[in-house]
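S.K.: below is the sequence, then the predicted model.
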Amino acid sequence: MASECADRAGEGVMSKRVLYGWWFAPQNGRLAHDDRRRVRVGVTHTVDDDMLALCQHGLHASQKLLDALQYARSTILYRVRLSGKIVVGTNKVCASKREYLTRVCVIKILRRFIQAPK
């Protein structure tokens, strides 16, 4: 797993733009860091946009699937839409709004990837 704050060097702030990304949910299907809200397709979570900071506060995701993989804590992958205030880093972003569009359990895909001949 990548360092939690390795991405902060490329930090830039945007607002009123929509980005799409990938996010691996915790295995229990709830947000982490004492938030505990349930994650489900069709739900949009929001956080205070005055507090946004990569690796510290916000609803994170990666625009590239391979970037998201380094932050994976489970095999539950969501395609997400980020909006509101957005902070963009090198390999991840955080936003004040994250909508869950599609849920995929990727365990079979990851097993095939690991077992693929080299």
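M.R.: That came through fine. Numbers count the residues shown, from 1 in each chain.

S.K.: now the residue nearest the centre of the chain, nearest residue through space, not along the chain?
M.R.: With distances taken as CA atoms, centre = their mean, Ala61 lies nearest the centre of the chain, 2.3 Å away. Closest residue to Ala61 apart from its sequence neighbours, by CB to CB, 6 or more residues apart in numbering: Gly21 at 3.3 Å. No exception for glycine: its C-beta is placed from N, CA and C like everyone else's.

S.K.: which ones are touching the one you found?
M.R.: 61-63, 68, 79-80, 82, 93 (CB atoms under 8 Å, 6 or more residues apart in numbering).

S.K.: wait, which of the residues you listed is closest to Gln27?
M.R.: Of all the contacts of Gly21, Gln27 sits closest to Ala68, with 15.6 Å by CB to CB.

S.K.: could you look up the SS state of the closest one?
M.R.: Under DSSP: H, G, I helix; E, B strand; the rest coil, the three-state class of Ala68 is helix.

S.K.: that one: how many residues sit nearby?
M.R.: 21 (other CB atoms under 10 Å).

S.K.: that one reaches Trp22, doesn't it?
M.R.: Yes - with contact defined as CB atoms under 8 Å, Ala68 counts as touching Trp22 (3.9 Å).

S.K.: overlap in contacts, the two.
M.R.: With CB under 8 Å, 6+ apart, Ala68 and Trp22 have common neighbours 61-62, 77.

S.K.: and those as CSV, adding pLDDT and distance to Ala116?
M.R.: Formatted as CSV, the shared contacts of Ala68 and Trp22 follow (pLDDT from 0 to 100; distance: CB to CB, whole Å):
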residue, pLDDT, distance to Ala116
Ala61, 97, 26
Ser62, 97, 22
Leu77, 97, 19
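
S.K.: any idea how far Asp49 is from Lys85?
M.R.: 4 Å (CB to CB, to the nearest Å).

S.K.: could you do Thr44 as well?
M.R.: The value you get for Thr44 to Lys85, if CB to CB is used, is 14 Å.

S.K.: tell me which stretches of this protein form helices.
M.R.: 65-69, 107-115 (DSSP state H).
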